[in-house]
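no sequence for this one, just the structure:
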Ligand SMILES: NC(=O)c1ccc[n+]([C@@H]2O[C@H](COP(=O)([O-])OP(=O)(O)OC[C@H]3O[C@@H](n4cnc5c(N)ncnc54)[C@H](O)[C@@H]3O)[C@@H](O)[C@H]2O)c1
Ligand SMILES: O=C(O)[C@H](O)COP(=O)(O)O
């Protein structure tokens, strides 16, 4: 059976499911067939030669060297949408904390707690903590995926006007969006029009620093920026200056770092977005299910470096999983080797994502080590797995 190493604490509903299926949890990452991870930084860690998969129990994969894994035939999974509700709830909480000075008010009560005159004093003090409502405000949502779409729905229900920007929105995601979301085709239009701006995009080469000094200059005076996506999206020096001089009223972020923790008018949380029991369970269950389907059947769902393949559960025969360059002639060579080995192809699926391709073939009989070696030696082939039912 397979061995798994956990890089972070993963909810036991996921790890128990794997244990029940006969998986062994190992302390040594080099002995593992698969790694389970949350936010541990894997960029500096060399994956062992035998590692087959990494499953991120969460959404963001900027802590994983996704491209390097693809070069070696290591499938990287995430769990899209599994923690979106938890993040949505905290984003709305962050917006409400920015509307009135709730935190200042709570601190004031705490400091005055021994004063018998507190009730009378509170009536005088409260004007210091007064603020505005979300209803009627215009809120810009950058990134309308699993989290952004849910945030937009709640804001509309609360009476806000929502403007969205997402040039890469999938057609399926677009069908699910509320028609009342105003479509911004340019980021600068959204920034200039909104009282609140909330970020829900992944940290990629393209999005890193997207809230630059130029972007901040487009924002309305007194606007609020919320960042529950990743700190790398924001030029924090430019942001600190905008908060200092009052161009922006508040920054609400889930990413405590030396810069954000010392910013004036910032509300900084310790990366709590996905930290609910429900979200942790959802992510762990989804990560475990995807890992099993890949390790036991060769199927790939929700990978960030390979396309989707689903041949259903492995039957009586065996499967060959081939990782290869997205190049001409590979499938022809593969089928030739299988035919020469007397193996009949029962089913097959081939997907490519950018430069990387994956082909899963179901054959009628057992695949010998010699056939496996022959496939491994083919041009453009990175990795070969033979999957068969355990006797
Ligand atoms: N604070 C937390 O605990 C927490 C929890 C979950 C996710 N996150 C972060 O939030 C991000 C979004 O999560 P999600 O589940 O909504 O992911 P998602 O993949 O469902 O949605 C991301 C959306 O961003 C869009 N996008 C990509 N590049 C863009 C660009 N340049 N401009 C505008 N839109 C762009 C995509 O088209 C997609 O619709 C994650 O990648 C992660 O970094 C944080
Ligand atoms: O990308 C995510 O899913 C979040 O940032 C959650 O990260 P965590 O699992 O480490 O809380």
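That came through fine. Please read all numbers here as calculations on a predicted model, not as lab measurements. Ligands and ions are numbered 1, 2, ... in the order given.

Residue of the stretch 1-150 of the chain closest to ligand 1, please.
Of the residues in the stretch 1-150 of the chain, the one nearest ligand 1 is residue 145, at a distance of 1.8 Å by Cβ to the nearest ligand atom. Quick note: C-beta positions are derived from backbone N, CA and C, even for glycine.

Identify the residues contacting that residue.
Contacts here follow Cβ atoms under 8 Å, 6 or more residues apart in numbering; on that basis residue 145 touches 80, 166, 169, 173, 200, 201.

Buried by neighbour count, from the residues you listed: which ones?
Among those, those that count as buried by neighbour count (16 or more other Cβ atoms under 10 Å) are 166, 169, 200, 201.

TSV for those residues, including distance to residue 253 and secondary structure?
Formatted as TSV, the entries for those read as follows, by distance: Cβ to Cβ, whole Å; DSSP: H, G, I helix; E, B strand; the rest coil:
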residue	distance to residue 253	secondary structure
166	21	coil
169	24	coil
200	13	coil
201	14	coil
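
Could you tell me which residues within stretch 220-229 count as buried?
Within stretch 220-229, the residues that count as buried by 16+ other Cβ under 10 Å are 220, 223, 224, 225, 226, 227, 228, 229.

Quick check: closest non-adjacent residue to the fifth one.
Distances taken as Cβ to Cβ, 6 or more residues apart in numbering put residue 198 closest to residue 226, at 4.1 Å, once the chain neighbours are dropped.

list the contacts for that neighbour?
With Cβ under 8 Å, 6+ apart as the criterion, the residues that contact residue 198 are 91, 95, 139, 140, 141, 142, 148, 151, 225, 226, 227, 228.

at 10 Å instead, please
Remark: with contacts taken as Cβ atoms under 10 Å, 6 or more residues apart in numbering, residue 198 is in contact with 91-92, 94-95, 139-143, 147-148, 151-152, 155, 162, 224-229, 252.

which of the residues you listed are close to ligand 1?
Contacts with ligand 1 within those, counted by Cβ under 6 Å from any ligand atom: 142, 143, 147, 148, 228, 229.

Not counting residues beside it along the chain, what's closest to the residue in the stretch 101-250 of the chain positioned nearest to ligand 2?
Across the stretch 101-250 of the chain, no residue is closer to ligand 2 than residue 230, which sits at 7.5 Å (Cβ to the nearest ligand atom). Leaving out its chain neighbours, the residue that sits closest to residue 230 by Cβ to Cβ, 6+ apart is residue 203, at 3.8 Å.

One more: residue 88?
Setting aside the residues directly before and after it, residue 88 is nearest to residue 150 in space (Cβ to Cβ, 6+ apart), at 4.1 Å.

So which elements touch the helix or strand hosting that neighbour?
When elements are assigned from DSSP states H and E, residue 150 belongs to helix 146-157. Other elements packing on helix 146-157 under the criterion 3 or more Cβ pairs under 10 Å, 6 or more residues apart in numbering; DSSP states H and E are helix 84-99, strand 138-142, strand 161-165, helix 171-175, strand 196-199.

who are the neighbours of the third one, in terms of helices and strands?
With contacts taken as 3+ Cβ pairs under 10 Å, 6+ apart, strand 161-165 sits against strand 138-142, helix 146-157, strand 182-183, helix 187-193, strand 196-199.

Give the helix, strand or coil label for the nearest residue to residue 94 once chain neighbours are set aside.
The shortest distance from residue 94 to any residue that is not its chain neighbour, by Cβ to Cβ, 6+ apart, is 3.9 Å, and that residue is residue 252. Secondary structure assignment for residue 252 (DSSP: H, G, I helix; E, B strand; the rest coil): strand.

Check residue 252 and give its pLDDT.
With respect to pLDDT, residue 252 scores 99.

Surely it touches residue 102?
No - using Cβ atoms under 10 Å, residue 252 is not in contact with residue 102; the gap is 11.6 Å.

The two: which is more packed in?
Neighbours were counted for residue 252 and for residue 102 using other Cβ atoms under 10 Å; residue 252 has more, 24 against 15.
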